[in-house]
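K.L.:
okay, structure incoming, though there's no sequence with it:
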């Protein structure tokens, strides 16, 4: 006859019937593989405020086609009468935002960037856009083999032409309404409300 001490010193696996032991091992293995702990550093939440009602919706400099944007044919906007840059912004009421930027240099290259993130309005005629992720497409006419279509890097997401503070003045007396945008180091320019 075994003593009480001898009976509790047996390995645990010896006490469980084999089917239960197998089930226990499977549950532990699946739990380890599907852990709720993120495998990469979590993204710090970015500031986000409600967007003023008059600014909710899509705005652009008067010439961006969102449908064509997704299936853009290289060279479409880079014609003789093209402007060197175009941009647009779409504000959701909850402070989510999407920014689009097009740039070209004659018949040398085109760059299309779109990114999504959050926006914070500061109550002083300024807002800050915080891009979280984005896409860059780069078309070069001299060397098409160097064309790029990739995710934006974290460094690119912080560049002033995408992220940062902008001053704005809303003018609802025009058709369509206008938002006058000022970026530090740049001349003011207009965004027009898209219908």
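P.N.:
Good, I have the coordinates. Owing to the predicted nature of the structure, the values given are computational and were not obtained by experimental measurement.
K.L.:
over to residue 161. Which of the three states is it?
P.N.:
Secondary structure state of residue 161, per DSSP: H, G, I helix; E, B strand; the rest coil, is coil.
K.L.:
and it, what's its pLDDT?
P.N.:
Predicted confidence (pLDDT) at residue 161: the value is 87.
K.L.:
and the closest residue to it other than its chain neighbours, bridged to which residues?
P.N.:
In space, and not counting its chain neighbours, residue 161 is closest to residue 101: 6.5 Å by C-beta to C-beta, 6 or more residues apart in numbering. In this view, the C-beta of every residue, glycine as well, is placed from N, C-alpha and C. Taking DSSP bridges, one obtains residue 87, residue 113 as the residues bridged to residue 101.
K.L.:
ok, now which ones touch residue 101?
P.N.:
85, 86, 87, 111, 112, 113, 114, 161, 162 (C-beta atoms under 8 Å, 6 or more residues apart in numbering).
K.L.:
going along the chain, name the strands of this structure.
P.N.:
Secondary structure of the chain (DSSP state E): strands at 57-60, 85-91, 96-105, 109-121, 126-140, 148-151, 164-171, 178-182, 189-193.
K.L.:
return the set of buried residues in the third one.
P.N.:
Spelled out, that is strand 96-105. Counting neighbours by 16 or more other C-beta atoms under 10 Å, one finds that the buried residues in strand 96-105 are 97, 98, 99, 100, 101, 102, 103, 104.
K.L.:
got it, and stretch 176-190?
P.N.:
So for stretch 176-190, counting by 16+ other C-beta under 10 Å, buried means 177, 178, 179, 181, 182.
K.L.:
picking that back up, ok, now how distant is the residue nearest to residue 161 from residue 84?
P.N.:
Using C-beta to C-beta, to the nearest Å, one gets 11 Å for the distance from residue 101 to residue 84.
K.L.:
same check on residue 65?
P.N.:
17 Å.
K.L.:
the more surrounded of those two?
P.N.:
Each of residue 65 and residue 84 had its neighbours counted (other C-beta atoms under 10 Å), and the higher figure belongs to residue 65 (14 against 10).
K.L.:
contacting residues around the spatially closest residue to residue 179 that is not a sequence neighbour?
P.N.:
Taking C-beta to C-beta, 6+ apart as the measure, residue 179 lies nearest to residue 191, with 4.6 Å between them; neighbours along the chain are not counted. The contact partners of residue 191, taken as C-beta under 8 Å, 6+ apart, are 59, 60, 61, 87, 88, 89, 178, 179, 181.
K.L.:
rerun at 10 Å
P.N.:
Applying C-beta atoms under 10 Å, 6 or more residues apart in numbering, one finds that residue 191 lies in contact with 55, 58-62, 87-89, 166, 168, 170, 176-181.
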